[in-house]
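Undergrad: Return a 3D structure for these sequence lines:
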Amino acid sequence: MIHKQKHAQDLIDFIYDSPSPYHVVKNTKDILIKKGFSELKLTHKWNLEKGKKYFVCQNNTSLFAFIVGLEAIEDNGFKIIAAHTDSPSFKIKPSPEISVEEKYVKFNTEVYGGPILNTWLDRPLSIAGRVSVKSNDILHPKNYLVNINQPIITIPNLPIHFNRTVNEGIELNKQIDMLPVTAVINEEMNADSVLLNRISEEIKVPKEDILEVDLNLYHFTKGSIIGMNNEFISSGKLDDLAMVHAGLTAFAEASPSKATNVLALFDNEEVGSRSKQGAGSPILKDILTRIVSVQDKNEEDIQRAIYNSFMISADMAHALHPNRPEKHDPVTRPVINGGPAIKIEGNQKYTTDSDSGAVFEMICKEANIPYQKFVNRSDMRGGGTLGNVSAGQLAIRSVDVGNPMWAMHSVRETSGVDDHTFITDAFRCFYGI
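TA: From the prediction side, this is the model:
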C-alpha cells in the first residue's frame, strides 16, 4: 500500500507541476532525457538505431516517444499507448482586462472544452501557458513557458441573497458569470495592461516585445490523497494526466523489445482533436511511417508494420457514482479501485471490439491485476476519445481503456490510489511483451 500511495503522490506532483499542456510536455521531456532518450526534430534528418530511445514534439503540446525495436519492424510493428495532455479550462482572450466601474479588474476568457462550470467558482486560480515574443527570425518567434505560481484570480459566486433559487439549479453564462477577477484598481495600477505587466516580470522581457499568448486558467490548490483509508486521489486534470503519467512511467522504464514501443501524447482531445497536434491529424501516422522508412524499408514494409501494430487508447472512465447510481448501466458498473475499465460502445465511440478487448484482458491477467468493463446506459450518449479519432488516420488494432473516476471535467476530480498502480503495471506488461 505504501508503494501505491507513493506512486499516487508522484502523479499528484506531476499534475501540480504541469498546469498547461506546454508544461506537461516539458516535464515529460525532462523525465525522458534523464532516462537516456534523445530529442529529434520534425524538421531535421533522422538517423535511428535499433534499441535506441527517441522523442519528438509537435507545437510543444504533443509528444511522441519511441524505443526502436530490436527485430524487423515490418514483422513486429508498434506497441502504442496514447493519452492526451489537455484538460477542460478557460483560455485568456486578447487584451483581456475589463474594468468594472473603475473598481475591479477582471480578465476576459473563453471556455476550453467542457468543464463543469460551477466547480470553478470561488477557487484560488492562476494562469499558465506559452508566451511568444518577437525575434530576429520573423518565421520563428521566441517562446517562453509561463506559470504564475501564485493564486492571482478567482471567479466569485453570486451570493444566495441575490439568487434565492440557486440551490434549485442555475444556468451559468460563460461570458457573464465565468470571468475571473484579479485586482482592486488603485492609483499605481495600469488597469489596461495588468496581465502583460505581470508576464513581462515573469519572463524578464520588455512588454513591448510580447506579441501573443496562449494561456489557460488552472486550479492553484495542489491535489491530495484522501479517504478513510487513503484510497482516493483528489486532484484537477486527472482526465487525462493520470493516463499520461501511468503511460510515461511504464514507457520510461521499458527495455527495448522486438516491437517498437511508442508513447503518443496528443493535445486538443477536449475540443475534438482536429488540430496539427491532435489525434485527428496525420502526425502519428507521419511519425510511424518515418520510423519505418528511415530504416531503409519500402512502402509495403510500412503497411506491414502498421497492420502488425496494436494501440491502447488510454483516457479516464466513469466510476459508479455513490449518489446517482441510476445514471449507470444496470449491469456493467465499474468502481474505483476495482482495476482499469475496458471501454465499450457499439456505435464505435470507442475502438474496443472482441479481439482488442481480449488482448487487454490477457495483459491484465499476465500483470496479475483486476479489470472491469464500462458501457453507457442505452438511453445516454457517451463521449468519444483518442482511439476512434486516430482510427480515421491509422487502421491499427486498438482498445480503449481508462481508470474509473468521479466528477470527470470538474476542477477537482477523484480516482483511486490502487487503480493508478494497476494500470501502470498493465502498461509495463504491454511494453514488455
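Undergrad: I'd like the distance from the one helix or strand Phe14 maps to to the chain centre, please.
TA: According to DSSP states H and E, Phe14 maps onto helix 2-16. Counting by Cα atoms, centre = their mean, to the nearest Å, helix 2-16 is centred 16 Å from the centre of its parent chain.
Undergrad: for that helix, packing partners?
TA: Here helix 2-16 touches strand 224-226, strand 232-235, helix 238-253, helix 417-432, going by 3 or more Cβ pairs under 8 Å, 6 or more residues apart in numbering; DSSP states H and E. Placement of C-beta: from N, CA and C, glycine included.
Undergrad: Which of these sits closest to Glu269?
TA: Proximity to Glu269 (Cβ to Cβ) singles out helix 238-253 among the helices and strands packed on helix 2-16, at 7.0 Å.
Undergrad: coming back round to it: and the helix holding Phe14, what's its mean pLDDT?
TA: Averaging pLDDT along helix 2-16 yields 96.
Undergrad: do the same with stretch 321-336
TA: Mean predicted lDDT for stretch 321-336 stands at 95.
Undergrad: Which residues does that stretch contact?
TA: The contact list for stretch 321-336 (Cβ atoms under 8 Å, 6 or more residues apart in numbering) reads 231-232, 317-320, 341, 372-378, 380, 404-406, 414-416, 419.
Undergrad: What subset of the residues you listed is buried?
TA: The neighbour count (16 or more other Cβ atoms under 10 Å) marks 231-232, 317-320, 341, 372-376, 404-406, 414-416, 419 as buried among these.
Undergrad: From those, which land in helices?
TA: Using DSSP state H, the subset of these located in helices is Asp419.
Undergrad: returning to that earlier point: flag every buried residue along the helix holding Phe14.
TA: In helix 2-16, counting by 16+ other Cβ under 10 Å, buried: Lys4, Gln5, His7, Ala8, Leu11, Ile12, Phe14, Ile15, Tyr16.
Undergrad: Repeat that for stretch 426-433.
TA: For stretch 426-433, the neighbour count (16+ other Cβ under 10 Å) marks Ala426, Phe427, Arg428, Cys429, Phe430, Tyr431, Gly432 as buried.
Undergrad: The residues you listed into TSV, with extra columns for distance to Gly69 and pLDDT?
TA: Formatted as TSV, the buried residues of stretch 426-433 follow (distance: Cβ to Cβ, whole Å; pLDDT from 0 to 100):
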residue	distance to Gly69	pLDDT
Ala426	20	98
Phe427	17	98
Arg428	17	98
Cys429	17	98
Phe430	14	98
Tyr431	11	97
Gly432	13	94
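Undergrad: any idea where the strands of the stretch 51-200 of the chain begin and end?
TA: 53-58, 62-67, 78-84, 89-100, 104-112, 125-133, 142-147, 181-184 (DSSP state E, counting those that start in this stretch).
Undergrad: looking at the ones you listed, which is closest to Asp353?
TA: strand 78-84 (16.8 Å).
Undergrad: need the contact list for the residue of the chain positioned farthest from its centre.
TA: In terms of distance from the mean C-alpha position of the chain, Glu187 ranks first, at 41.5 Å (Cα atoms, centre = their mean). By Cβ under 8 Å, 6+ apart, no residues touch Glu187.
Undergrad: quick one: which of the strands of the stretch 51-200 of the chain is nearest Asp267?
TA: For the strands of the stretch 51-200 of the chain, the distance to Asp267 is smallest for strand 62-67, at 4.8 Å, taking Cβ to Cβ.
Undergrad: Low-confidence regions, the stretch 151-300 of the chain specifically.
TA: Along the stretch 151-300 of the chain, the model assigns pLDDT under 70 to no residue.
Undergrad: please redo it, this time with the cut-off set to 90
TA: 168-170, 186-193, 268-280 (pLDDT under 90).
Undergrad: Show me the helices in it, by range?
TA: Assigned by DSSP state H, counting those that start in this stretch, the stretch 151-300 of the chain shows helices spanning 194-203, 238-253, 283-293, 299-307.
Undergrad: Point out the most buried one among those helices.
TA: helix 238-253 (a mean of 25; mean count of other Cβ atoms under 10 Å).
Undergrad: That one vs helix 417-432, what angle?
TA: Helix 238-253 and helix 417-432 are oriented at 40 degrees to each other (axes from the mean of the first three to the mean of the last three Cα atoms, to 10 degrees).
Undergrad: what's helix 238-253 packed up against?
TA: Looks like helix 238-253 contacts helix 2-16, helix 21-34, strand 78-84, strand 260-266, strand 310-314, strand 404-405, strand 413-416, helix 417-432 (3+ Cβ pairs under 8 Å, 6+ apart).
Undergrad: Which one of the ones you listed lies nearest to His245?
TA: Closest among the helices and strands packed on helix 238-253, once you apply Cβ to Cβ, is helix 2-16, at 4.8 Å.
Undergrad: what comes into contact with the closest one?
TA: Against helix 2-16 from outside (Cβ under 8 Å, 6+ apart): 27, 222-225, 230, 233, 235-238, 241-242, 244-246, 249, 417-418, 420-421, 424.
Undergrad: can you rerun that using 7 Å?
TA: 27, 222-225, 230, 233, 235-237, 241-242, 245, 417-418, 420-421, 424 (Cβ atoms under 7 Å, 6 or more residues apart in numbering).
Undergrad: Check the gap between Ser95 and Thr182 for me.
TA: 14 Å (Cβ to Cβ, to the nearest Å).
Undergrad: Alright, that wraps it up for me.
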